[in-house]
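Novice: can't give you the sequence, but here's the structure:
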């Protein structure tokens with residue numbers, strides 16, 4: 001589980017992460033390995049284009065827990 005997410009300034013979810021990438025705020029993006037790939041393609045493309053590192057996380061449940069939310073999360077990002 002990515003412990004850095006617990007205390008970091010972050011956004012959770014596909015829409016919020018895309019916004020953070022577009023605004024130049026995202027520094028690291030965490031992606032759950034069991035999330036729908038079609039949903040994540042725009043995020044993966046943006047990260048590749050901008051040189052933002054992607055960190056794989058086991059499951060959506062694990063990522064949700066790391067973000068201190070009660071539901072699973074497909075993606076989260078640490079922002080500045």
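Specialist: Looks like it arrived, so ask away. Just so it is clear, the structure is predicted and the values come from calculations on it, not from any experiment.

Novice: So which elements touch the helix or strand containing residue 62?
Specialist: Assigned by DSSP states H and E, residue 62 falls within helix 60-66. Contacting helix 60-66 under the criterion 3 or more C-beta pairs under 8 Å, 6 or more residues apart in numbering; DSSP states H and E are the following elements: helix 4-7, strand 26-32, strand 75-79. For every residue, glycine as well, the C-beta is placed using N, CA and C.

Novice: Comparing those, which stretch has the densest surroundings?
Specialist: Comparing those by mean neighbour count (mean count of other C-beta atoms under 10 Å), strand 75-79 ranks first with a mean of 25.

Novice: Which neighbours in the sheet does that one have, and how are they oriented?
Specialist: Take DSSP bridges as the rule and strand 75-79 pairs in its sheet with strand 10-12 (antiparallel), strand 26-32 (antiparallel).
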